[in-house]
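Enquirer: need coordinates for the following:
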Amino acid sequence: MPPIPGRTTAHRMDPAGGCPHADNARLLARGAVASVVLPGDVPGVAVLGHDALKEFLAHPDVAKDARHFAALAEGRIPDGWPLRTFATVQGMTTADEADHRRLRGLVSKAFTARRVEALRPRIETLTAELLDRIDAAAEDGDGTVDLRAGFAMPLPMGVICELLGVDDRYQDRLHHLSNQIVATDIGPAEAMAANRELVELLSTVAAARAEQPGDDLTSALIAARDDGGDRLGRHELIGTLLLMIIAGHETTLNLVTNAVRALCTHRDQLDLVTTGRAGWADVTEETLRWDSPVSYFPFRYPTRDLTLDGTVIPQGTPVLAGYSAAGRDTSVHGPDADRFDVTRPARTSAARHLSLGHGPHYCLGAPLARMEATIALEQLFRRFPELDVTVPDEKLVRHASFVGNSVRTLPVRLRPATG
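Expert: Below you'll find the model as predicted:
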């Protein structure tokens, strides 16, 4: 697919990731829709503007099923393509219409609001335990810890594994493999190996739960039936578990990491929260808008040539949802859209940002992610009110992906240095 007519050459997505905001601003200045080049020189499109993205996410002529991905259907996408799993994994995030409703209905029966709310005491306990652990690690060392590895990661990973009935011993490996899946700078052999190992590991988990069902989501998914008596097929079950493991911890991991970075570089905003002039839920929503944990999410495909914001996106084009760009779209969020402001009016926070999706594929785990992040941030800064990042934000090494949006490590000092 050539660049969109009337536009400059297509923007080449950097497989190494990096901070997206400068490129986002430059692309948004040209328009709400941009031609992009994906890894492997695969042509695609990114929808960046808030209103255009909102329309696109709910458009009836936009599909998630990879049979609508023209280049894939024509055999032009190799097996080791780093984004292939996003297109081909079987589950509700790659299904459309009746099939999507069936799969989402089965998952929803197990992933109920009651089940999520019942996790609150466990999330609070796990948060406190992890804070004890990083406090001890800081005291035993030089006073600094990697907050991402020691707190922001094990909290959502522990919760999603407990929810799914996954043994603790798999957590570190699942996190590593999830990172491999979302990485966009990975080689073909590594990509295929990571996907294969993750499928094998989750197949082992599913087999154990089928043999010995428990009070967990995997057992519920295995047992769940829709009104027609259908169950999740094996590939659908494994695909659903894979997506829930990745989405269930990567998003919250990045959300907590980005929120801590934002608060530590905007101490005035932290003061507003700690003095009760804003709430921790406000921090969560403003972080979702200002520094979305997912930058560009793959994929959706127009099922016909689609005109969006005056731009024609050809049928079968792989399209990225540009959540990080939409969050700072000045046409919706105002001229100060690039400013982190926890007192931002509700019209531009929970009600208006798109970082957890929109339309029929809106994130099913959104209430859990919000609960985890809010509890984590409140307990963290209540216990360590003077916590600060020890490296300037611009020098933190970024996540090696244009899908996920965060940093690889977050070195912090929990208390002011003494002596």
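Enquirer: run through the stretch 301-419 of the chain and note the low-pLDDT ranges.
Expert: 346-351, 418-419 (pLDDT under 70).
Enquirer: then the chain?
Expert: In the chain, residues with pLDDT under 70: 1-8, 110, 225-230, 346-351, 418-419.
Enquirer: quick one, longest helix in it?
Expert: When the chain is parsed with DSSP state H, its longest helix is helix 234-265.
Enquirer: what comes up buried for that one?
Expert: Using 16 or more other CB atoms under 10 Å as the test for burial, helix 234-265 gives 236-264. For the C-beta atoms, the positions are set from N, CA and C on the backbone; glycine is no exception.
Enquirer: and what of stretch 204-224?
Expert: Using 16+ other CB under 10 Å as the test for burial, stretch 204-224 gives 205-206, 208-209, 216-222, 224.
Enquirer: ditto for stretch 133-145
Expert: For stretch 133-145, by 16+ other CB under 10 Å, it's 134-135, 138, 143-145.
Enquirer: all strands of the stretch 301-419 of the chain, in order?
Expert: Assigned by DSSP state E, counting those that start in this stretch, the stretch 301-419 of the chain shows strands spanning 306-308, 311-313, 319-322, 388-389, 411-413.
Enquirer: what distance do you get for the most centrally placed residue in the chain to Met153?
Expert: A centroid search over the chain (CA atoms, centre = their mean) returns Thr251, at 3.4 Å, as the residue closest to the centre. Distance, Thr251 to Met153, using CB to CB, to the nearest Å: 12 Å.
Enquirer: what helix or strand is the nearest residue to Tyr323 once chain neighbours are set aside on?
Expert: Of all residues not flanking Tyr323 in the chain, Ser292 sits nearest, at 4.3 Å (CB to CB, 6 or more residues apart in numbering). For Ser292, there is no enclosing helix or strand under DSSP states H and E.
Enquirer: list the residues that contact Val62.
Expert: Shown in contact with Val62 (CB atoms under 8 Å, 6 or more residues apart in numbering): 56, 300-303, 306, 319.
Enquirer: okay, and the beta partners of it?
Expert: On the basis of DSSP bridges, Val62 is bridged to Pro302.
Enquirer: coming back round to it: which one of the buried residues of stretch 204-224 is nearest to Leu364?
Expert: Minimum distance to Leu364 across those is 11.4 Å, recorded for Leu217 (CB to CB).
Enquirer: quick check: the closest one touching Leu163?
Expert: Yes: the pair Leu217 / Leu163 is scored as a contact, 5.0 Å apart, by CB atoms under 8 Å.
Enquirer: got any residues that touch both of the two?
Expert: What both Leu217 and Leu163 touch, as defined by CB under 8 Å, 6+ apart, is the set Arg115.
Enquirer: between the contacts of Val62, which is nearest Pro39?
Expert: Checking the contacts of Val62 against Pro39 with CB to CB, the nearest one is Val319 at 15.4 Å.
Enquirer: so that closest one makes contact with Pro43?
Expert: No: here Val319 lies out of contact with Pro43, judged by CB under 8 Å, at a distance of 11.0 Å.
Enquirer: check contacts around the closest residue to Thr317 other than its chain neighbours.
Expert: Using CB to CB, 6+ apart and skipping residues adjacent in sequence, the residue nearest Thr317 is Val45, 5.3 Å away. Contact analysis of Val45 by CB under 8 Å, 6+ apart lists 1, 4, 33-36, 313, 317-320.
Enquirer: one more: Ile375?
Expert: Contacts for Ile375 were tallied using CB under 8 Å, 6+ apart; they are 120, 123-124, 127.
Enquirer: before we move on, what about Thr184?
Expert: By CB under 8 Å, 6+ apart, the contact set of Thr184 is 13, 15-17, 39, 82-83, 400-403.
Enquirer: try it again with 10 Å
Expert: Thr184 makes contacts with 13-17, 38-39, 82-83, 191, 296, 298, 399-404, as judged by CB atoms under 10 Å, 6 or more residues apart in numbering.
Enquirer: out of those residues, which end up buried?
Expert: Burial by neighbour count, 16+ other CB under 10 Å: within these this picks out 13-15, 17, 38-39, 82-83, 191, 296, 298, 399-404.
Enquirer: report the separation between Phe299 and Lys54.
Expert: As for Phe299, its distance to Lys54 is 18 Å (criterion: CB to CB).
Enquirer: I meant to write Glu286 there.
Expert: The gap separating Glu286 from Lys54 is 19 Å, by CB to CB.
Enquirer: which of those two has more residues huddled nearby?
Expert: Glu286 (26 against 17; other CB atoms under 10 Å).
Enquirer: surely the more buried one meets Arg352?
Expert: No: shown here, Glu286 and Arg352 do not form a contact pair, counting by CB atoms under 10 Å, at 11.5 Å.
Enquirer: list residues touching both of those two?
Expert: If you check Glu286 and Arg352 against CB under 10 Å, 6+ apart, the residues they both contact are 327, 344.
Enquirer: which residues touch Ala137?
Expert: Taking CB under 10 Å, 6+ apart as the criterion, Ala137 is in contact with 143-146, 150, 414.
Enquirer: again, 6 Å this time
Expert: Shown in contact with Ala137 (CB atoms under 6 Å, 6 or more residues apart in numbering): Val145.
Enquirer: is it in a helix, a strand, or coil?
Expert: Here Ala137 takes the helix state, with states given by DSSP: H, G, I helix; E, B strand; the rest coil.
Enquirer: the strands in the stretch 151-300 of the chain, which residues?
Expert: For the stretch 151-300 of the chain, the strands defined by DSSP E, counting those that start in this stretch cover 296-302.
Enquirer: just the helices in it please.
Expert: In the stretch 151-300 of the chain, the helices defined using DSSP state H, counting those that start in this stretch lie at 154-164, 171-182, 188-211, 217-223, 234-265, 267-274, 280-290.
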